[in-house]
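Engineer: Prediction below, plus the sequence it came from.
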Amino acid sequence: MTKYLYIDHPFELESGQVLPRVTAAYHTFGELNAARDNVIWICHALTANSDCQDWWPGLVGPGCTIDPEKYFVVCVNMLGSSYGSTSPLSYNPETGRTYGLDFPLITTKDNARFFSLIAGHLGIGKIRLLMGGSMGGQHCLEWACAEPDRFGLLCVLATNARHSAWGIAFNESQRMALRADTTLGTDAPDAGKLGLEAARAIAMLSYRHYRTYVSSQSNSDEEVFDDFRASSYQRYQGYKLWKRFDPVCYYGLSRGMDTHNVGRGRGGVAAALSRISSPTLVISIDTDLLFPIEEQGILSRYIPNSRLEVMHSDYGHDGFLTESVKIGEFLADFLSDQLRIDSTTKRAFTDGLTGRKFAVPGSEEV
């Protein structure tokens with residue numbers, strides 16, 4: 001069930017603009033233990049929500065790698081999203097209307113600061129594992145650069161240190177489609193519908209791969225010469241997003257993704273990533289067109305204690321969502337490798353993510 005936290009004081013954005021108050025929609029799973037050291041924080045991607053058990057099945061849930069029976073799992077809906085946190089759908093006290101297209105630009109750094117604020121209000125200090133993919137991975141990297149001592153471990157998937165010109169071009173193409181719909185941001189019953197559907201169709205070409213479409217959307221009837229399966233699939237994906245997501249929110253979030261650059265204000269990407277002190281697992285997807293392997297290679301090169309794993313998937317960038325079992329295996333191996341024998345105390349610590357017992361040194365944080 002979605003929970004809400006209302007913070008009735010100003011939140012200053014990187015742009016200098018100020019939100020007079022903020023609301024956070026969030027989910028938690030499991031229980032915070034007495035030591036308050038069993039927190040796993042998950043950052044969701046562009047159009048997902050805070051219910052990570054719903055969109056990451058097989059990775060988050062009872063009996064899964066991230067098991068709420070053993071861990072306190074937290075996921076907060078990002079600022080600007082359709083799913084309950086402060087966004088273009090929120091009331092603007094200055095106008096007496098919803099913000100709409102006047103909602104200020106929210107950067108990935110703003111969202112990282114927002115998550116930190118919410119963690120503080122929830123009484124969460126040290127976070128055992130911070131994890132996210134795509135835009136969620138961007139938020140993780142920003143937060144880990146800002147507060148490197150807060151996290152025991154970091155895992156990012158299909159993401160980058162700075163959003164590429166290629167990624168920005170895809171996002172701008174989608175915004176062009178949205179702006180071409182003259183109803184965007186109006187009071188029309190279907191405001192922005194056609195623009196959002198076209199934008200999502202563009203996005204799908206970056207999320208999937210040639211092999212994805214050939215294997216699943218090819219026509220078996222060679223006599224067909226109109227209304228191909230791939231055509232109807234694109235229309236369906238656009239309509240499906242329209243049914244669950246607001247076009248103005250989508251417009252703003254794509255702008256926020258374009259701002260991503262951990263090096264801004266930190267002396268460049270290499271200097272920023274070198275601040276991250278947590279052992280880090282970077283997962284790449286071999287067919288990812290939007291966040292290609294070389295981008296995760298940069299992360300692995302400059303994050304001091306990191307490991308790069310390349311995962312095969314025929315689903316392209318969307319593999320970070322669809323390949324939950326493979327991701328769970330990479331994550332379990334990574335976590336078990338962080339556990340070491342303390343030859344002095346020989347204390348055994350059960351790592352719930354793998355279900356095996358290991359002896360670990362001094363701190364319970366891994």
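Structural biologist: Cool, got the structure.
Engineer: quick one, domains of this structure?
Structural biologist: Domain assignment for the chain by the TED database gives 3-163+261-336, 168-257.
Engineer: Distance from the first one to the middle of the chain?
Structural biologist: I take that to be domain 3-163+261-336. Computed by Cα atoms, centre = their mean, to the nearest Å, the chain-centroid distance of domain 3-163+261-336 equals 5 Å.
Engineer: Straight-line length of that domain, end to end?
Structural biologist: 32 Å (Cα to Cα, to the nearest Å).
Engineer: that older thread, can you tell me which of the domains of the chain is most buried?
Structural biologist: A comparison of the domains of the chain by mean neighbour count, using mean count of other Cβ atoms under 10 Å, puts domain 3-163+261-336 on top with a mean of 20. Just so you know, the C-beta spots here come from the backbone N, C-alpha and C atoms, and that holds for glycine as well.
Engineer: How about Asp51: what's its closest non-neighbour residue?
Structural biologist: His27 (5.1 Å; Cβ to Cβ, 6 or more residues apart in numbering).
Engineer: Under the pLDDT cut-off, which ranges of the chain? List them.
Structural biologist: For the chain, applying pLDDT under 70 flags the ranges 339-366.
Engineer: if you set the cut-off to 80 instead, what comes out?
Structural biologist: For the chain, the stretches with pLDDT under 80 are 221-224, 337-366.
Engineer: where along it do the strands fall?
Structural biologist: For the chain, the strands defined by DSSP state E cover 3-7, 11-12, 18-19, 22-29, 39-43, 72-76, 91-92, 97-98, 127-133, 151-157, 280-285, 306-311, 348-351, 356-359.
Engineer: for the chain, what spans make up the helices?
Structural biologist: Under the criterion DSSP state H, the chain contains helices at 52-55, 108-121, 135-146, 165-180, 193-207, 210-217, 229-244, 247-258, 269-273, 293-302, 319-322, 324-337.
Engineer: tell me the angle the third one makes with helix 108-121.
Structural biologist: When axes from the mean of the first three to the mean of the last three Cα atoms, to 10 degrees is applied, the directions of helix 135-146 and helix 108-121 differ by 70 degrees.
Engineer: just checking, what packs against helix 135-146?
Structural biologist: Contacts defined by 3 or more Cβ pairs under 8 Å, 6 or more residues apart in numbering; DSSP states H and E place helix 135-146 against strand 39-43, helix 108-121, strand 127-133, strand 151-157, helix 247-258, helix 269-273.
Engineer: swap in the fourth one?
Structural biologist: The helices and strands touching helix 165-180, judged by 3+ Cβ pairs under 8 Å, 6+ apart, are helix 193-207, helix 247-258.
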